[in-house]
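Sharing a model prediction with you, sequence too.
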Amino acid sequence: MSVGYFRALRLLHRTFRNYPLTQRFHILGRFLTAPFLRTLDVIPVGARVLDIGSGQGTYPRLIVEERAREVIAVEPDIRKALIAYKHPKVKFVTGYDDCIRGQFDVIVVYDVIYRLPPEERDALFKRIYERVKPGGLFVLKDLDPSNRLKWTWNRIQETISDKFFGLTIGEGFYIETREQIGERMARAGFTDFEWKRVDFGYPHAHIIYLARKAAP
Ligand SMILES: C[S@@+](CC[C@H](N)C(=O)[O-])C[C@H]1O[C@@H](n2cnc3c(N)ncnc32)[C@H](O)[C@@H]1O
């Protein structure tokens, strides 16, 4: 873990202090409930990263502090993308991942695919495979349905959040098992599949998946 908790809070405060209050509450809520700091060191130092569904750009802001060389943050929700902060190493693009060209050392998808029905996932993973450089990494942060207690709570919370706050575009709450994710990554062409639970102390069953595009 590179950036400590209080330093990260100060950094995010400086980054988002001019945002509307509702957005600031949302960003703080995400910081307190998502294991951003436990998932920074999967990014190799000096990497050029594509973050798909980057939201307000919390993870990009944290990884450029000490690890990533540059992050392209692509986000389809204009409520988040159009007020995006300015940072020399973070470039925001408003849209879906298919508007991006080029290849990246790392592609991150952080708490996004729960919005994506299973039938759309293979196509996304394949697009990601094509956009990762040989030897590069796919980093997927999701929830693990194997912990029934946390899982039930996560479902209830997301249903309430969608019904009353509408903070995230899209519909539905689709979570797959570790085996299903591993198989999808392999079908897309990735190797060296790994997963790690990063949820200790959190009410959500956070899990991070890593897979590599083989070097030629
Ligand atoms: C829970 S938020 C996570 C945002 C950010 N990755 C983070 O960790 O703070 C989910 C994000 O996924 C975006 N999203 C929803 N459907 C998407 C899709 N099909 N492709 C890319 N992003 C999508 C939403 O607009 C939202 O910003």
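Sure, I can see it. Residues are numbered from 1 along each chain as shown.

Could you use CA atoms for every contact and neighbour count after this?
Noted.

Skip ahead from the longest helix belonging to the chain and say which helix or strand is next.
When the chain is parsed with DSSP state H, its longest helix is helix 148-164. Proceeding N to C from helix 148-164, the next assigned helix or strand is helix 178-188, under DSSP states H and E.

what sits up against that next one?
Arg121, Asp122, Phe125, Lys126, Tyr129, Asp144, Thr191, Phe193, Trp195, Ala211 (CA atoms under 8 Å, 6 or more residues apart in numbering).

After that helix, heading C-terminal, what element do we hit next?
Criterion used, DSSP H and E; the element after helix 178-188 is strand 191-197.

need the helix or strand of the protein with the lowest average pLDDT.
helix 148-164 (a mean of 77; mean pLDDT, DSSP states H and E).

Out of the contacts of helix 178-188, which one has the weakest pLDDT?
Here the lowest pLDDT out of the contacts of helix 178-188 sits on Asp144, with 93.

which residues in this structure form strands?
For the chain, strands defined by DSSP state E occupy the ranges 48-52, 70-75, 90-94, 104-110, 132-143, 191-197, 206-212.

got the contact list for the first one?
By CA under 8 Å, 6+ apart, the surrounding residues in contact with strand 48-52 are 60, 68-75, 96-97, 104-110, 112.

ok and it relative to strand 70-75, angle-wise?
Counting by axes from the mean of the first three to the mean of the last three CA atoms, to 10 degrees, strand 48-52 lies at 10 degrees to strand 70-75.

Spell out which parts of this structure neighbour the ligand.
Where the chain comes near the ligand, counting by CA under 6 Å from any ligand atom, the residues are 52-55, 58, 75-77, 96, 110-112, 115, 168-170.

List only those of those residues flagged as buried.
Neighbour counting with 16 or more other CA atoms under 10 Å marks Ile52, Gly53, Ser54, Gly55, Thr58, Glu75, Pro76, Asp77, Tyr110, Asp111, Val112 as buried within the residues of the chain next to the ligand.

so of those, which ones are in helices?
Among those, DSSP H puts Thr58 in helices.

any low-confidence regions in the protein?
1-2, 162-171 (pLDDT under 70).

Pick out the residue nearest the middle of it.
For the chain, the residue nearest the mean C-alpha position is Tyr110 (1.4 Å; CA atoms, centre = their mean).

Please name the residues that touch the closest residue to that residue other than its chain neighbours.
Distance criterion CA to CA, 6 or more residues apart in numbering; nearest residue to Tyr110, sequence neighbours excluded, is Lys141 at 4.6 Å. The contact partners of Lys141, taken as CA under 8 Å, 6+ apart, are Val108, Val109, Tyr110, Asp111, His206, Ile207, Ile208, Tyr209.

Identify the bridge partners of the second one.
It refers to Val109. Ile52, Leu140 (DSSP bridges).

Contact partners for it?
Going by CA under 8 Å, 6+ apart, Val109 touches Asp51, Ile52, Gly53, Ser54, Val139, Leu140, Lys141.

if we can go back for a sec, narrow the contacts of helix 178-188 to just the buried residues.
Arg121, Asp122, Phe125, Lys126, Tyr129, Asp144, Thr191, Trp195, Ala211.
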